[in-house]
Every structure is written in structure tokens, then in C-alpha cells.
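Novice: sequence plus predicted model, see below.
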Amino acid sequence: MKRFDNRTVIVTGGASGMGASHARGFVAEGANVVIADVLEQEGRTLAEELGAHAIFSRADGTQTGESDLTKNKPLSDQYEDAKW
């Protein structure tokens, strides 16, 4: 059993740099990962690279109401197409 099996992690700033490194590490440890960032192309590319255990969500931590993560819905409802 891996350390993050059956867990979901949101990595803000996850499309590049340390955030991308953390996203890769969490997936390697069994987590489902939401890559949240304003860098859409980079985030989508990373999610594709990481496979079925990662999805991308556009999120701007400097703006309120700009994020898919702020819809006040459970993540499972927001990401119905995710394969987790």
C-alpha cells in the first residue's frame, strides 16, 4: 500500500516548478491529484502526462470567484469525468 492510496490532493500552483514536482510525487505515492493553476496549457499537459490519477482545474489564487474549485460543490460533482 502506498502512502496516499485512496486520497485526493489539490496542488495549487501545480502546473510547473515545485508544484509540478509535488503533483508527480503524490501520484507516485498513489494519490489522485487536482492540478490547480492559471497556467492552463502547462497544467493540462502535466495532467495528461500523469494519466488517470490527475486532472487540471484552472485556479487563480489572487482572485475570488475565478476558480472551478470555488463552486461550493463536492469535487466529485465538479469532476464527473475523472476516472477516480
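Specialist: On my side now, so go ahead. Numbering: from 1, shown residues only.
Novice: what residues are up against residue 16?
Specialist: By Cβ atoms under 8 Å, 6 or more residues apart in numbering, the contact list for residue 16 reads 37, 39, 42. Backbone N, C-alpha and C define where each C-beta goes, glycine included.
Novice: nearest to residue 56, of the residues you listed?
Specialist: The nearest member of the contacts of residue 16 to residue 56, counting by Cβ to Cβ, is residue 37 at 7.6 Å.
Novice: so which helix or strand of this structure has the lowest pLDDT on average?
Specialist: helix 75-78 (a mean of 57; mean pLDDT, DSSP states H and E).
Novice: can you count the residues close to residue 39?
Specialist: For residue 39, the neighbour count with other Cβ atoms under 10 Å is 19.
Novice: now the strands for the chain?
Specialist: Assigned by DSSP state E, the strands in the chain fall at 8-12, 32-37, 54-58.
Novice: now do the second one against strand 8-12, angle only.
Specialist: Using axes from the mean of the first three to the mean of the last three Cα atoms, to 10 degrees, the direction of strand 32-37 lies 20 degrees away from that of strand 8-12.
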